[in-house]
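Student: Make a model of this:
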Amino acid sequence: MGGPKDEDPPILIETSPKDQATNVQPKEINLTFNEYVQLDNPTKLIIITPRIKVDEVEFLAIKNRVNIKLNQTLEKETTYVFNFQKSVQDITEKTPAENLKLVFSTGATIDSLTLSGTVDYIFPPKDNEFKDVLVGLYAEEDTTDLFTSPPYYIAQVDTVGRFAITNIKAGRFRLYTWHDDNNSLKAEFRNESYGFYPEPLEITENMTGLHLNLFKGDLSELKINRSGTSGTNYDIILSKPPISYTIEHEEVGKTIFHRLNDKTIRIYSTELLNDSTQIQLNIQDSVGFKIDTALYAKFEESDRKPEQLEITVNSGLSFLNTIESQWNFNKPIKTINFDSLYVTYDTAGRIPIAPKDVHFTDSTKFTQLNIKVQIPDSLNIETYTVYVGDSTIRDIEGIYNKEPIKASYKKLKQDRLSDGISGKILTEERPIIVQLINKQNTVVQELYLTETNEYEFTKIEAGDYKLRAIVDRNSNKRWDPGNYRENQQPEPVYFYYDNEKKTQEFMLKGGWLLNEININTRPDTGNSPQKD
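Tutor: Numbering: from 1, shown residues only. Okay, the predicted model is just below:
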């Protein structure tokens with residue numbers, strides 16, 4: 001009572017078996033400390049290698065002692081490592097014991113090989129920290145992998161991305177890393193980040209300098225779960241959302257239309273009632289899995305009411321000289337009444353929108369409409385509104401928009417514009433996608449470089465931004481994740497980073513020009529390991 005705060009960590013006094021002991025086959029492990037201790041989440045924080053049946057292990061803290069009942073027989077001629085990390089804490093202030101590790105062997109020698117390196121995220125998390133990231137080794141002949149079973153050797157990545165796996169027995173192994181959010185000691189490929197070394201490693205001496213990149217790539221099977229009529233339409237329900245798809249038929253864009261909503265492709269026909277027709281369907285998911293098949297789409301009369309027309313628009317953006325308004329629809333659009341489509345300003349000002357000012361992103365879907373209207377320099381108004389009157393837009397099923405829709409845009413003032421930013425992406429690879437990203441994580445400008453590594457963005461609204469460069473190795477103008485099944489690594493993504501301020505963000509000021517803002521590369525997975 002009233003004494004000084006106990007900030008000293010528990011000190012290990014004795015272990016059974018002893019650290020570095022050989023020829024031991026313990027049934028349980030005991031650690032004795034100089035004060036009362038407690039265990040914090042031992043099944044997660046205590047890393048045991050090689051792999052044992054952790055669900056059979058019992059962890060218990062009694063007074064100044066930690067007892068671990070193994071409830072299993074350990075492998076012969078094997079070195080075991082118990083890395084306690086921060087699991088053992090004093091009972092008053094929860095100060096963890098430091099550098100607490102126990103090593104022993106069931107054979108005559110202690111295995112001493114070490115594998116070390118670094119891990120990084122392709123897309124770094126907001127806090128830029130490595131939490132619950134594991135690295136594991138699997139024997140090459142093992143039929144399991146990071147998605148099916150815990151590894152043989154395992155280590156936790158520290159807060160800056162470094163790892164070291166110690167006391168390894170010589171052999172050939174496969175190396176993986178993953179974000180173990182659910183504490184299963186294996187990766188969930190649908191929602192957890194993971195990475196893999198491209199070829200097995202022959203470990204006969206210490207290895208350093210390995211690098212792994214974490215990314216998300218859904219490896220679940222891409223398939224058609226079911227297909228059939230839905231009202232007067234034909235639905236194709238997929239196992240997961242595709243990254244792209246095409247429907248081939250001579251009447252696509254004429255009498256046959258289609259749209260995608262999450263995992264459902266809906267096909268519409270304006271003429272084929274009570275009839276069927278063959279279509280060719282090509283689908284690809286984010287990791288490159290594909291479906292190429294023929295289907296017979298059948299269209300029937302139905303009393304079911306068509307779904308209502310839903311419209312979303314990119315209202316609230318700023319512009320310099322030309323309003324770029326983007327309208328997205330939940331189904332294909334058939335007609336637009338241009339008499340009730342225009343830009344308004346002040347109380348009475350109006351700029352008509354003509355057919356030449358609009359175009360659909362994809363003329364086979366008609367689900368995304370782009371409106372571009374140039375505003376005369378003589379107008380000094382700040383806010384402009386794209387106005388769509390009721391019954392202006394008619395969809396493929398004859399449904400009109402019931403209510404008027406307004407989308408507002410703000411004209412930028414010259415004194416709020418930065419003159420620009422320029423620099424280089426310090427790589428020889430091409431092509432490169434260079435993106436300027438605002439605080440809302442929205443891409444505001446983008447360049448596609450094929451002949452040069454130099455970029456320049458001009459006339460940018462003052463504010464805070466980030467720069468991102470994607471090496472487009474397959475030239476499809478988007479970032480592609482890796483595919484573990486095909487031993488394919490993700491495409492590199494590089495960010496500008498201010499080493500002095502320790503941040504990716506930078507400020508663009510009105511009237512200012514930033515030059516030589518260069519983007520450095522980061523290591524690829526598979527850099528050649530170094531042997532001691």
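Student: What about residue 55? Give its phi and psi, please.
Tutor: phi -70, psi -10 (degrees, to the nearest 10).
Student: burial of it, as a residue count?
Tutor: Counted with other Cβ atoms under 10 Å, residues neighbouring residue 55 total 7. All C-beta atoms are positioned from the backbone trio N, CA, C, and that covers glycine.
Student: Can you check the pLDDT for it?
Tutor: If you check residue 55, the pLDDT there is 88.
Student: now swap in residue 348 and tell me
Tutor: 84.
Student: What degree of burial does it show, as a neighbour count?
Tutor: 6.
Student: The one 3 residues further on now?
Tutor: Using other Cβ under 10 Å, residue 351 is surrounded by 17 other residues.
Student: Could you do the one 4 residues further on as well?
Tutor: The local packing of residue 355 (other Cβ under 10 Å) involves 9 other residues.
Student: Quick check on it: phi, psi?
Tutor: phi -50, psi -30.
Student: Apart from its neighbours in sequence, what residue is nearest it?
Tutor: Of all residues not flanking residue 355 in the chain, residue 338 sits nearest, at 6.4 Å (Cβ to Cβ, 6 or more residues apart in numbering).
Student: so what's the one you found up against?
Tutor: Residues counted as contacts of residue 338 (Cβ atoms under 8 Å, 6 or more residues apart in numbering) are 352-355.
Student: okay if I get those as JSON lines plus distance to residue 20 and secondary structure?
Tutor: Shown next, in JSON lines, are the contacts of residue 338 (distance: Cβ to Cβ, whole Å; DSSP: H, G, I helix; E, B strand; the rest coil):
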{"residue": "352", "distance to residue 20": "85", "secondary structure": "strand"}
{"residue": "353", "distance to residue 20": "80", "secondary structure": "coil"}
{"residue": "354", "distance to residue 20": "83", "secondary structure": "coil"}
{"residue": "355", "distance to residue 20": "82", "secondary structure": "helix"}
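Student: Most neighbours of all those residues, which one?
Tutor: Of these, with other Cβ under 10 Å as the count, residue 353 tops at 22 neighbours.
Student: for that residue, what are its contacts?
Tutor: 338, 341-343, 371, 373, 386.
Student: same thing but 10 Å
Tutor: Residues counted as contacts of residue 353 (Cβ atoms under 10 Å, 6 or more residues apart in numbering) are 323, 325, 336, 338, 340-343, 371-373, 386-388.
Student: Same question for residue 33.
Tutor: Contact analysis of residue 33 by Cβ under 10 Å, 6+ apart lists 9-14, 61, 63-66, 88, 90, 97, 100.
Student: so where's the stretch 101-250 of the chain uncertain?
Tutor: Scanning the stretch 101-250 of the chain for pLDDT under 70 picks out no residues.
Student: Pull the most distant pair out of the contacts of residue 353.
Tutor: Greatest spatial distance in the contacts of residue 353: 340 and 372, 18.6 Å, computed using Cβ to Cβ.
Student: Count the neighbours of residue 116 for me.
Tutor: Quick note: residue 116 (other Cβ under 10 Å) scores 19 neighbours.
Student: Hmm, it is touching residue 208, no?
Tutor: Yes: between residue 116 and residue 208 there is a contact at 5.0 Å, judged by Cβ atoms under 10 Å.
Student: Please name the residues that touch the residue nearest the centre of the chain.
Tutor: For the chain, the residue sitting closest to the mean C-alpha position, by Cα atoms, centre = their mean, is residue 216 at 4.7 Å. Taking Cβ under 10 Å, 6+ apart as the criterion, residue 216 is in contact with 121-123, 179, 189-194, 286-287, 481-482, 490.
Student: Among these, name the buried ones.
Tutor: Buried residues within the contacts of residue 216, counting neighbours by 16 or more other Cβ atoms under 10 Å: 121-122, 179, 189, 192-194, 286-287, 481-482, 490.
Student: which among the residues you listed gets closest to residue 168?
Tutor: Taking Cβ to Cβ as the measure, residue 168 lies nearest residue 194 of the buried ones among the contacts of residue 216, at 21.2 Å.
Student: Mind listing the residues bridging to that closest one?
Tutor: Beta-bridge pairing for residue 194 (DSSP bridges): residue 178, residue 215.
Student: need the contact list for it.
Tutor: 133-134, 146-147, 176-180, 186-188, 212-217, 219, 482, 484.
Student: How about the secondary structure of residue 376?
Tutor: The local conformation at residue 376, judged by DSSP: H, G, I helix; E, B strand; the rest coil, is coil.
Student: Now do residue 211 against residue 439, distance only.
Tutor: 30 Å (Cβ to Cβ, to the nearest Å).
Student: Of the two, which one has the most company?
Tutor: Neighbours per residue, other Cβ under 10 Å: of residue 211 and residue 439, the larger number sits with residue 211, 20 against 10.
Student: The more buried one: what's it in contact with?
Tutor: 117-120, 161, 177, 195, 197, 522-529.
Student: Now a PyMOL select for only the buried ones of these.
Tutor: Here is the PyMOL selection string for the buried members of the contacts of residue 211, based on 16+ other Cβ under 10 Å:
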select buried, resi 117+118+119+120+161+177+195+197+522+525+529
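Student: Give the next helix or strand downstream of the strand or helix carrying residue 119.
Tutor: For residue 119, the element it lies in under DSSP states H and E is strand 113-121. Scanning forward in sequence from strand 113-121 by DSSP H and E, the next helix or strand is strand 133-139.
Student: Can you work out which other helices and strands pack against that next one?
Tutor: Contacts defined by 3 or more Cβ pairs under 10 Å, 6 or more residues apart in numbering; DSSP states H and E place strand 133-139 against strand 47-49, strand 113-121, strand 153-156, strand 162-168, strand 171-179, strand 194-196, strand 207-214.
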